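# Structure of the sequence below:
(2 chains)
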Amino acid sequence: MPSTLHQFSQTVHRLRDNLIALEQKANQLDLPGLNGREWFDILQRKLIPQLSDNVYLVVAVVGGTNIGKSVIFNHLVNQQTSAISPLASQTRHPVCLVPQNFEQSHDLEKIFQGFRLIPWASAADPLKQDDQHLLFWKNSESLAPNLLVLDTPDIDSDAEVNWERAERIRQCADVLVTVLTQQKYNDAAVKQFFREAAREDKVIITIFNQCELPDDEAYWPLWLNTFCHETGVRPEFVFIAPNNRQAATSLQLPFYRRSFEPAPPETAPAINPQAPEADTPVNLMQILSQMHFGEIKVQTLKGALYYLVEQNTGVPAYLREIKIRSNEFRSASELLSEQELAEIENWPLVPNSVIVDAVRKWWQSQREGWSAQVHGFYNTLGQGVLWPLRYIHSLATEEKRPPMEIYREQEWSVVLQTVEGIYDRLTLVSELGNELLTNRLKTLLNGTSREHLLKILHEEHAGFDFTAQLEELIESEMTFFKKDSPQYYTFLKQLDRIAAVARPALSVGLFFVGFGAVGHAGSQLVTDTMIQSVVNVAGDVAGGAATTTVGETAVSSTASTGIGYLEAKFRRFHAVFAQKRSEWLATAVRTHLLKTLPEELKSAVDLPNSECFQIVQESVTELEKQLQQLQISI
Amino acid sequence: MATSELAQIEMLASVDSLIHQLKLWSEQQTDWKTAQQSQAVIHQLLPRLDMLRVRLESPLVIATFGGTGTGKSSLVNALIGSYCTTSGRQRPTTTEPVLIAHPDTDLDRLGLDLSQFHVEQKKLDELRNIILIDCPDPDTSEAMDEAGNLTRLQQIIPLCDILLYTSTQQKYRSARVSEELKEAAVGRRLIFVQTHAGLDEDIREDWRQQLSRQFDVPEIYFVDSVRALEDQLADRPLEKEFASLQNVLSTQLGKSERLQVRRANLLELIQNAIDHCSHKNSTALPAIRELESFLKQQQVSLTSQMSQELRKELLISRNLWERRLLSCVSDSWGFSPFSTMLRVYNGLGNFIASASLFRARNSAQVALIGALQGARWIGNRQKEQAAEDRLKRIGSFGLDDNKLRESQLLIDGYAQAAGLATHQDHFAGSLEKLQTEAAYVEEQFLSDAGTKIDGIITKLAYKNSGWFTRIWYETLFLSLIVYALVRIGKNFFYDSFLDERNILAIDFYVTAGVIFLIWSGLLVMLFTRKLKRGLEAEINQLSDELAQAKLAHGLFPHLEQACQQAHALQHSLERMGGETRQLRNEIASSRILGAWKVTEPTMNAGSISSHLTSQ
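Next up, the predicted model:
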C-alpha cells in the first residue's frame, strides 16, 4: 500500500465500526439503513479492503445490455472466458480473471465483498440464473501481476439485480472500461451509472463499440462529448471498434485508439471525419498493463475518501439526515408533552362515612389493654343484639350496595371518561400532521388496542381492594398526625361534624412529560416521582376560597387552629386518596396506552448526543484534515 | 337490419350502460374514505371517456414509442415513403413530436394541442384512416422536468389510440422503456416492431417471451426502415415484413377496425380504473370487516345481556304472571259463574297493579303486562315522562352509562381504523344519542319479548284449562253455591213455613260468606297454580330464544349501515369490473394488434391517476 494513504486506514475502520453502531440506534428513526448508500458501500467495498492492502488494480468492463461487454472482455483477456449471445441481459454474474498466485497473497472474498466466489468452470457460468450474487474467477498466466480484470452484468436491463451486481463491482473498481454505442450513450440509466463513477474519481477508458466505420468517424466525438458533458467523465483513453459481428465472435475485433479532449457543449469539438494516418489496431491488455498502478490506486482511493466526506452525499449528509429526523422526533415529543392529556373536573369522592369508619377502625386498633377489651366486648355484644333490628331495617329499605362499590363504579366511569378524553386528544394530535406521531399513534388508536387497554384497566380496577387502600392511607396519615399534633384527639371527637361539611371538589390534571420539564406542564408539577406521566390534583379545600395541591404544603396553607384546621385535615384524606387513585390511572395509561412511545421518542431525540454519533462526526473531521494535509504534501 | 349491425348496436348500448353505471356509482354518498377516493378517480375518468366517445369516428392516432436510437423516425419515414421527420445519429434526435396527417383530416376535432407538434400534411391514401405521430423517446431524461423528452411524451400518449413500439437488439430489454410502456399501454393497442434488420440479429423470440408476461403479443415485425425507404424511393419491391406492416396500418385499420380499437381502448381504461379502485377498496376492506365483526359481537353480547336480565325479572314477577294468565282464561271462557269469579279477582288485582305500574321501572313488568295493555297504560301518561322513564329503565337493564361509554370508546377506535368519515366528535355519536339508541333498542327488544310472552300466556292458559278442567272447577265452585242456596231455600220455603222453625240467622250468612270467600279463593289459587305449571321452563326457553334472536340493529345503526354500504359499493364495483372484462374480451381479441394483459394484477396502481392528472 502506498504509505501516503496508510494513515487513513485506522480512521476509516473506526468510522465504519461506529457507523454500524449508529445505524442500529438510528433504526428507530425510520431511516433507510446504511447498505445501499453509495458512500457506505464504497467505504465497505473499496476503502476498508484496499487501504490496508498491497497495490492491485481492479479493471471492470461495464456498460448497457447487449452492446458487447463480454465481447470486449474476451478481447481484453484474449480468450473466450465469458459466453456471448445475441440476446440481451445474458451475463448475470461478474467474471474475474486473476493473475497467477494472486489468490494466495490476497483474500478474494475480501476484495469482492458481497459476492460468493466460485472458481470459473466454463464460459456459460456467468449466464446462470441465481438469486445469489455470484462471482466466477479464473487464473490467467498472461495477466500482469496485481491486475484483476472483470466482465460485469448490464446496468440498464429489466433484470434489476444485474444493476446491483454491476454497481458493486464499480464501487470496488479502479479502472472502468466503459462500453458505449450510438444507441445508448445518452440513455438515462447509463448516464446515471457513470456520473457516480466520475464522482468517485475512477479512471475511465472508453470504447465506442459497433461503430459504422468510416461514417461514424465524424460522429463519435459528438457522442462522447455529450456523454462526458452529461456525466462529468474524463476518459483517460478512447478507443473505437467497428460493427463487425463475425470479428467479434472470433476474437478478431480491432480497436483503434483515438485522442479526445472534452469541449464545452456549445463549442462542439471539431469533426475530423478522417481516420488518423497510421491507424493500426492496438492491444488493449498491453495498454492496461502499462498503466501506473500506484498512481491510479492513490487517485481512486482519494476519490473514494473525498466522496465519503463530501458534504452533500457522504457521511455528513447522513449525519444531517439523522439530526433532522431527530429534530422531527423532538417536535413530535413536544407536541405530545405540551398537551394536557386529560382533565377530570370531578373526581369521585369516597363517601365520608367510609372515611369515618376507617378512622374509627384505626382508632380502635390504637386502644390498648383493658379499655380495648371492654370496647371490644361491647362492640361484639352490640352487633349481636342489634342484628335483628338491622336485618329488619335492611328488608324495609331496598337492598343497599356497599358505599365502596358505588365509589368503584363512579371511579370506573371517570376512568372511562378520562380514557375517552385521552383518545380524543391523541386523535387530535395525530391529525396535526406530524407524520412520525401519526403513524405511531394510528396503531395505538385502533379498536384492537383500545379493547386491550380497556381489558387491562378493567382487570386492574376490579382487582383493587379500595377499603384496604383507604385504611392504609388513614393509617399512615393518622400516625403522622398523632405524632405531630396534639389536636388529633379533638379531631377524632369531632369526626362526624367535620364529615358533614368537608367535601372538596377535586379536579385532576393528567400530563405526560417526555423528558425533563417541557413547557408549562412541567412547571406545575407537584410530585416528580413519576418521570413520564404526571398527575396534578387540585382540590378546593376551603369551599373554593383556597385552592391547594396535594403535597407537603397542602394543609399548611389553611393551617389555622380549630375546626378549620381539622376540616382541612379531613379533606386531605379525600385529596390524597384521589391522588393515589389518579396516579394509578396515569401510570396505567402511560404503560398500557402509550406503551413504549415515550421511550422511543426520547431515545430518538437523544441520538445526536450519543457517543457513536460524536465519534463518527470526529472521524469525518479527522479524515478531512488528513486529506487536506495530503493535498499540501503532494 | 343485419345481424352484425345489431350486434354492433348492442355492444354500443352495453358500453353506454356500463359508463352510466359507473357514473351512478361515483355519485353515491358514502362515509367510507377509501370509496370516496375511488369515486374521485372515476370522476376524473368520466370526462375522458366522453372525449373518447366523441372521437369514435375520427381517424386513429398512431404514435411511435421506443428507446432513443431504435429508429422511430426512420420507421415513420419509411411508412410514409418520404423524408418527413429527421432521423439521425445524434441522441436524442427527435425532441419536437411530428404529426403527419392527410390534408383532409380535420385535426381540430381530435382534441390535440397542435402547438406542441410539428404538423406535416401529406396527400397520401395511406393516411386517410390514420394520423401518425413521431414521438420523442422515454429513456434519455433522467428526472421529470418540464423540458424533458419524457414529459413531452407523457403529454402525447393519452391522445393516442395505437402505439407503434419499436426496439432493437440492444434495447429490447431496457428497463426504463418497459416501465414507460407499462404505463402507456393501458387504453391503447400495440404494434411491436424490431428495427435495424439490416444490422442486428433477430431476437423476436426472446423479446416475445419478455413481452408476453404483460402483453398480448400477436405479431412482431422485423424491419429495416432505411432500406424500405430506399426501396420505395427507387421503386423497388418492398420486403415482405415491411410491406405487411405498411398494409396493416394503411388498410386493415380502416373504418371497421377503428371502432373496434377505440372501444377496446375505452373499455381498457375503464377496466384499469375499476381494477385500481377495487384493489384499493379491497385492501381497505379488512378494517371494515373488523369493525363489522366487532359491531356484531357487541350486538350479541347486548342481546344475551338483555335476555338474561329479562329472564331474571320474569321469574320474580309472579303476581303479574297470575293476573295475565287469569285474565286470558276468563276472557276465553265467556260468561260462567267461575269465570265471573276469576274476573272479579283479576279486576281487583289489576286495580292495584295499575296504580303500581306507574311507579314500575321494571322492564319485565312492562313486557309482561303485555304489549297491548302496557301500551294503553303508557299511552295515558305524558310522552316525555315515558321517554324519561325509558332512559332510567335501561340502567337496570345492563345498559348503564359505563357500558355504553366503553362500547363507544371501542367503536370509535374501530371506525377510525376503518377509515369512516365523521362529522361529529365521535364515530359512535354522543353519549346522549347512544342512550336514546339504547332505549330504542331495548324497547324493540321488549316489544318482541312482549309478543312472545303473550304467546306463552295463551299457550299456558289453553293447555291447563280445557273443558274437563273447566267443568271440574265450575262444578266445585257451583256445588258450594248450590248447597248454600238449597240450604237457604229449604229454610225459607220449607222449614220456616211448614216446620215453623226459625228463619236462618244473620250468623249463618256471615259464616256462609266467609266460607264462600275461602272456597272461591282456594279454587282460584288452585286454578292459577295449575295454570302456572311449567312456567319456569317456558321462561328459560323464552330467554334462550330471545338471546339468539337477531335485533333489527344494534346500538350503532349508522355504522352498521356504513359497513353494509362499503360492501355494496365494492360488490357493485367488482360486478362492473367483471362486465367490463367480458365486454373487452369480446371486442379486444385481435390478430394484428397487441395489448396490455388485463388479467395481470395491476402492479403499478398509480398509473391511471398519473395519466389523468397529466391531462
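# contacts, neighbours, all on C-alpha from now
Fine.
# what is the rounded mean pLDDT of stretch A:251-260?
Mean pLDDT, stretch A:251-260: 90.
# where are the low-confidence patches of chain B?
B:1-2, B:143-147, B:349-398, B:422-429, B:588-592, B:598-615 (pLDDT under 70).
# what does it put close to chain A?
B:68-70, B:89-92, B:139-142, B:169-176, B:178, B:201, B:203, B:206, B:401-402, B:405-406, B:409-417 (C-alpha under 8 Å from any C-alpha of the partner chain).
# Just the ones of the residues you listed in helices?
The helices, defined by DSSP state H, take in B:175-176, B:178, B:206, B:401-402, B:405-406, B:409-417 from the residues of chain B next to chain A.
# residues in the stretch 201-350 of chain A within reach of chain B, list them.
Checking the stretch 201-350 of chain A against chain B by C-alpha under 8 Å from any C-alpha, the hits are A:219, A:222-223.
# Most neighbours out of these, which is it?
Using other C-alpha atoms under 10 Å in any protein chain shown as the neighbour criterion, A:W223 leads these with 23 neighbours.
# If you average the pLDDT over whichever strand or helix holds it, what comes out?
Assigned by DSSP states H and E, A:W223 belongs to helix A:220-231. Helix A:220-231 shows a mean pLDDT of 90.
# tell me how far it is from the chain's mean position?
41 Å (C-alpha atoms, centre = their mean, to the nearest Å).
# What ranges does chain B have for its strands?
Assigned by DSSP state E, chain B shows strands spanning B:60-65, B:98-101, B:118-121, B:130-134, B:162-167, B:189-194, B:215-216, B:220-222, B:595-596.
# one step back: mind listing residues that contact the helix holding A:W223?
A:182, A:185-186, A:191-192, A:194-195, A:198, A:208, A:233-234, A:260, A:262-265, A:268-269, A:271, B:90-91 (C-alpha atoms under 8 Å, 6 or more residues apart in numbering or on different chains).
# Give me the angle between the helix or strand that that helix is followed by and helix A:220-231.
Using DSSP H and E, the helix or strand that follows helix A:220-231 towards the C-terminus is strand A:237-242. Following axes from the mean of the first three to the mean of the last three C-alpha atoms, to 10 degrees, one obtains 130 degrees for the angle between strand A:237-242 and helix A:220-231.
# Point out the other helices and strands that strand A:237-242 packs with.
In terms of contacts (3 or more C-alpha pairs under 8 Å, 6 or more residues apart in numbering or on different chains; DSSP states H and E), strand A:237-242 is packed against strand A:203-211, strand A:256-258.
# Measure how it sits relative to strand A:203-211, angle-wise.
20 degrees.
# Show residues contacting strand A:237-242.
Against strand A:237-242 from outside (C-alpha under 8 Å, 6+ apart): A:204-213, A:253-260.
# Ok, stretch A:416-431 next?
With contacts defined as C-alpha under 8 Å, 6+ apart, stretch A:416-431 is touched by A:335-336, A:339, A:341-344, A:437-438, A:441-442, A:445, A:589, B:402, B:405-406, B:409.
# Now with 6 Å, please.
A:341-342, A:438 (C-alpha atoms under 6 Å, 6 or more residues apart in numbering or on different chains).
# can I get those residues in TSV with distance to A:W363?
Formatted as TSV, the contacts of stretch A:416-431 follow (distance: C-alpha to C-alpha, whole Å):
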residue	distance to A:W363
A:L341	40
A:A342	38
A:T438	54
